[in-house]
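Asker: sequence first, predicted coordinates after that:
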Number of protein chains: 2
Amino acid sequence: MERDMTPSEDFVVTDRGGIVENSHRVHAAVVDAKGRLLYTLGNPARLTLARSAAKPAQALAILETEGFAGYGFDDADIALMCASHSSEERHIARTRTMLSKVKAEEADLRCGGHPSLSETVNRSWIRQDFIPTAVCSNCSGKHVGMLAGARAIGAGMEGYHLPDHPMQETVKRTVAELCDLDAREVEWGIDGCNLPTPAFPLDRLARIYAKLAAAADGDDAGDRPSTRGPALARIFHAMAGHPDMVAGEGRYCTLLMCAFDGALIGKLGADASYAIGVRASDATRRLGTDGALGISVKIEDGNLEILYAVVTELLERLGIGSPDIRSQLAPFHHPQRVNTMGVTTGGVFFPFKLRGSKPDGDDPHPAA
Amino acid sequence: MERDMTPSEDFVVTDRGGIVENSHRVHAAVVDAKGRLLYTLGNPARLTLARSAAKPAQALAILETEGFAGYGFDDADIALMCASHSSEERHIARTRTMLSKVKAEEADLRCGGHPSLSETVNRSWIRQDFIPTAVCSNCSGKHVGMLAGARAIGAGMEGYHLPDHPMQETVKRTVAELCDLDAREVEWGIDGCNLPTPAFPLDRLARIYAKLAAAADGDDAGDRPSTRGPALARIFHAMAGHPDMVAGEGRYCTLLMCAFDGALIGKLGADASYAIGVRASDATRRLGTDGALGISVKIEDGNLEILYAVVTELLERLGIGSPDIRSQLAPFHHPQRVNTMGVTTGGVFFPFKLRGSKPDGDDPHPAA
């Protein structure tokens, strides 16, 4: 690529034969567990619908309900509560088991079926003329969790998904607290799965994940209420320990967490948001924090292929993980853009520059 | 939507519960057949890979080869040369018939199979374990046309798809002439189907389509060589008369041309470019031209759902066609954004403003 690939600032660019094909605006924030901005890209304060990247925060509200322990959920169940899974047989089977732990039935779920996020699963469904139902929803774990929470707080399961149900009021409070925002500062839309989904400045999403990682380090990061550390840590360990439950075969979140083997958690949100929580390490210390850090990303136009490429590029720029670890994500970092005859037609480029919060803090590892 | 949906300038915005979810930068040009800019949006000079929107220009090079008439191609064949078809049985069958007219075989094609652009076709292929081959390529008609052209100019079919093959040299000259550019001013990449694909300023794509429509009106628009009017007119009439060949069941190009019943042609390019040629009418006169006009659009990030919405919005803003005609495209104009339980979660909004070339020429019909 010898051509000047402008627009460069805060953009990812794809080319065909050296000619710019598309460009995609990127926003990102890198923060510590207190929310201090370490690096930014685009607008780190962009009001962003976190979608499924908010699931660990929604799960926290469930874990904190009195009586939650009584259901006997294990860590893989909690991972499924935080998942956008591929509707593989293991995910559907676990959903059914979780329903039985809540003494609920599929008919109690207020999500609907949809094509799987996995092409392999879809092909198999089409071959079998299978019509996916609520237990197949990629958000089924979150929905069973909400049923459990609703029952645990004595509010009843009916209407558990509605914004004014006591369980959703509990979720709203918890999400706002985790963001260090007043509940009125968090806005809510309706998600694809029919539950309320929050919107807040993008850096607050990074802060949530920094807190999850800090809790896994046994560091309460000054969070209030400080008693929530164990629940945050349990969510981190559940996701990091069961990456196959969080997404599925060949999916980015699963491969990322497998590659990093407990050092971080990562979660996709629809329309191209992403969040990562990284436990304290030499890498986070080099980046300016003694503790954990969080990364959040939003592609302005919602493109998922570009999202995965950017997240992987940011891990490289920030020096998180070894080259060997990151190389496991190479197909997402530099997606092969070959045509129907196998000829390479172009690539994905990252002309953007991370901005550091300190005068000399720009781009710890700029692109070559 | 009461919220201020900034960024508004040159952007399309989607929302969820009144919160901006994604935004998409839009470029557009509206020109007459001499290339005079009537209206613009974003950057009308954006260097744009026209992809399959360039097919009518590539087809012109084929139609102008000496001996082309000898193959006995009919108008539906020519429509298929300009198509990004859905690989329906009628498209594959016509591809095979066209191959026999050229005395060529599927093995001579240098495109590859790929999943159909139609989900219905894909599901049927999956059920039958069908592996698509070259005749199923959405560009199969263009490829057979190139075989015909290569043979017609006596260059042989071998390597017909390579940039330095005499047929592709012919295509390069023709495309540049049609754009009123020097051949060196048009850049070329390799397309998904393995043929060279041109890049030029976006308004030149609109100019090509204005010329196609002008030719259908019997107006040579001062084009050089002026002898190409009949071939341009034949391409226009072939596409307008066979919209089912240009795309397929339920596809935008097909529905658009069916709705407008000969008054215009429209063609998609991959990564969200689009071009329309509109024959002279009261509507084009109101917009400031005595003759035909052309419209070209590119979504900066390549999003097709947004592209179709924008193209339909532009037709409404420009007052092209009656409300009854345009209403046939309503599902593309205002795509239903409902979740897996059928609840509406948001919409697509067009806060942009068309800029006119005359001082009082802005937005003939601004959005309400």
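Answerer: Everything's here; your move. Numbers count the residues shown, from 1 in each chain, chains lettered A, B, ... in the order given.

Asker: how about low-confidence regions in the stretch 201-350 of chain A?
Answerer: Scanning the stretch 201-350 of chain A for pLDDT under 70 picks out A:221-226.

Asker: what sits closest to the residue of it at minimum distance from chain B if chain neighbours are left out?
Answerer: Proximity of the stretch 201-350 of chain A to chain B (CB to the nearest CB) peaks at residue A:340, 3.3 Å away. C-betas here are computed from N, CA, C, even on glycine. Nearest non-adjacent residue to residue A:340, counting by CB to CB, 6 or more residues apart in numbering or on different chains: residue B:112, 3.3 Å away.

Asker: helix, strand or coil for the one you found?
Answerer: Assigned with DSSP: H, G, I helix; E, B strand; the rest coil, residue B:112 falls in the coil class.

Asker: quick one: contacts for it?
Answerer: Counting by CB atoms under 8 Å, 6 or more residues apart in numbering or on different chains, residue B:112 makes contact with A:339-342, B:133-134, B:137, B:193-194.

Asker: related to what we said a few turns ago, give me the element the residue of the stretch 201-350 of chain A closest to chain B is part of.
Answerer: Applying DSSP states H and E as the criterion places residue A:340 outside every helix and strand.

Asker: residues contacting the residue nearest to residue A:113 when sequence neighbours are not counted?
Answerer: Closest residue in space to residue A:113, ignoring its immediate chain neighbours: residue A:132 at 3.3 Å, by CB to CB, 6+ apart. When contacts are counted by CB under 8 Å, 6+ apart, residue A:132 touches A:87, A:113-116, A:125.

Asker: filter these down to the buried ones and hand me the PyMOL line.
Answerer: In PyMOL syntax, the buried subset of the contacts of residue A:132 is picked out as below (16 or more other CB atoms under 10 Å in any protein chain shown):
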select buried, chain A and resi 87+113+114+116+125
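
Asker: can you list the residues of the stretch 1-150 of chain A near chain B?
Answerer: A:14-24, A:47, A:49, A:110-114, A:123, A:126-127, A:137 (CB under 8 Å from any CB of the partner chain).

Asker: buried only: go through those residues for me.
Answerer: A:14-17, A:19-24, A:49, A:110-114, A:123, A:126, A:137.

Asker: mind listing which of those are in strands?
Answerer: The strands, defined by DSSP state E, take in A:14-16, A:19-24, A:49 from those.

Asker: now these as TSV including pLDDT?
Answerer: Output for these, formatted as TSV (pLDDT from 0 to 100):
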residue	pLDDT
A:14	97
A:15	97
A:16	97
A:19	97
A:20	97
A:21	98
A:22	98
A:23	97
A:24	98
A:49	98
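
Asker: report the two of these separated the most.
Answerer: Within those, A:19 and A:49 form the most distant pair, 32.9 Å apart (CB to CB).

Asker: identify the residues contacting residue A:71.
Answerer: A:101-102, A:148, A:152.

Asker: ok, which stretches of the stretch 251-368 of chain A are helices?
Answerer: Ranges of helices within the stretch 251-368 of chain A are A:252-260, A:282-286, A:304-318, A:323-327, A:330-333, based on DSSP state H, counting those that start in this stretch.

Asker: export the ones you listed as JSON lines, with columns for mean neighbour count.
Answerer: Converted to JSON lines, the helices of the stretch 251-368 of chain A look like this (neighbours: other CB atoms under 10 Å in any protein chain shown):
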{"stretch": "helix A:252-260", "mean neighbour count": "22"}
{"stretch": "helix A:282-286", "mean neighbour count": "15"}
{"stretch": "helix A:304-318", "mean neighbour count": "23"}
{"stretch": "helix A:323-327", "mean neighbour count": "12"}
{"stretch": "helix A:330-333", "mean neighbour count": "16"}
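
Asker: about what we covered before: surely the residue nearest to residue A:113 is in a strand?
Answerer: No: read with three-state DSSP, residue A:132 is coil and lies in no strand.

Asker: how about the helices of the stretch 51-200 of chain A, start to end?
Answerer: A:55-63, A:75-81, A:89-102, A:119-127, A:140-152, A:166-179.

Asker: circling back: save the helices of the stretch 251-368 of chain A as a markdown table, and put in distance to residue B:260 too.
Answerer: Formatted as a markdown table, the helices of the stretch 251-368 of chain A follow (distance: least, CB to CB, whole Å):
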| stretch | distance to residue B:260 |
| --- | --- |
| helix A:252-260 | 42 |
| helix A:282-286 | 59 |
| helix A:304-318 | 34 |
| helix A:323-327 | 51 |
| helix A:330-333 | 42 |
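
Asker: let's have those in a markdown table, adding distance to chain B.
Answerer: A markdown table is the format used below for the helices of the stretch 251-368 of chain A (distance: least, CB to the nearest CB, whole Å):
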| stretch | distance to chain B |
| --- | --- |
| helix A:252-260 | 19 |
| helix A:282-286 | 31 |
| helix A:304-318 | 8 |
| helix A:323-327 | 26 |
| helix A:330-333 | 18 |
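
Asker: quick one: contacts for residue A:200?
Answerer: Residue A:200 is in contact with A:47-48, A:50, A:179, A:181, A:185-187, counting by CB under 8 Å, 6+ apart.

Asker: between those, which sits nearest chain B?
Answerer: residue A:187 (5.4 Å).

Asker: distance of that closest one relative to residue A:49?
Answerer: To residue A:49, residue A:187 is 8 Å away according to CB to CB, to the nearest Å.

Asker: name the residues contacting each of those two.
Answerer: A:198-199, B:19.

Asker: quick check, nearest of those residues to residue B:253?
Answerer: Of all these, residue B:253 sits closest to residue B:19, with 32.9 Å by CB to CB.

Asker: I'd say the closest one and residue A:189 touch.
Answerer: Yes: the criterion here is CB atoms under 8 Å, and residue B:19 meets it with residue A:189 at 5.5 Å.

Asker: where do the contact lists of those two overlap?
Answerer: A:49, A:199.

Asker: right, and residue A:203 touches residue A:31 too?
Answerer: Yes: using CB under 8 Å, residue A:203 makes contact with residue A:31 at a distance of 5.6 Å.

Asker: burial measure for residue A:43, as a count.
Answerer: 19 (other CB atoms under 10 Å in any protein chain shown).

Asker: list phi and psi for it.
Answerer: Torsion angles at residue A:43 (phi, psi; degrees, to the nearest 10) stand at phi -110, psi 100.

Asker: same question for residue A:26.
Answerer: Given degrees, to the nearest 10, the pair of backbone angles that residue A:26 has is phi -120, psi 140.

Asker: circling back: report the buried members of the contacts of residue B:112.
Answerer: For the contacts of residue B:112, buried by 16+ other CB under 10 Å: A:339-341, B:134, B:137, B:193-194.

Asker: widest-spaced pair of the residues you listed?
Answerer: In terms of CB to CB, those reach their longest pairwise distance at A:339 and B:134, which sit 12.5 Å apart.

Asker: returning to what we had before: out of the contacts of residue A:200, who's nearest residue B:238?
Answerer: Of those, the one sitting nearest to residue B:238 (CB to CB) turns out to be residue A:48, at 47.1 Å.

Asker: what pairs with the closest one across the strands?
Answerer: For residue A:48, the beta-bridge partners are residue A:200 (DSSP bridges).

Asker: enumerate every residue touching it.
Answerer: Counting by CB under 8 Å, 6+ apart, the residues that residue A:48 touches are A:27, A:199-202, A:205, A:273, A:296, A:298.

Asker: so which of those comes closest to residue A:59?
Answerer: Nearest to residue A:59 among those, with distances taken as CB to CB, is residue A:205, at 14.8 Å.

Asker: near chain B at all, the strand or helix carrying that closest one?
Answerer: Assigned by DSSP H and E, residue A:205 falls within helix A:202-216. No: against chain B, helix A:202-216 shows no contacts by CB under 8 Å from any CB, the least distance being 12.3 Å.

Asker: tell me the contacts of the residue nearest the centre of chain A?
Answerer: For chain A, the residue sitting closest to the mean C-alpha position, by CA atoms, centre = their mean, is residue A:267 at 2.1 Å. Neighbouring residues of residue A:267 by CB under 8 Å, 6+ apart: A:52-53, A:55-56, A:82, A:84, A:209, A:239, A:246, A:253, A:274-276.

Asker: name the nearest residue to it, ignoring sequence neighbours.
Answerer: In space, residue A:267 is closest to residue A:53, 5.0 Å off (CB to CB, 6+ apart).
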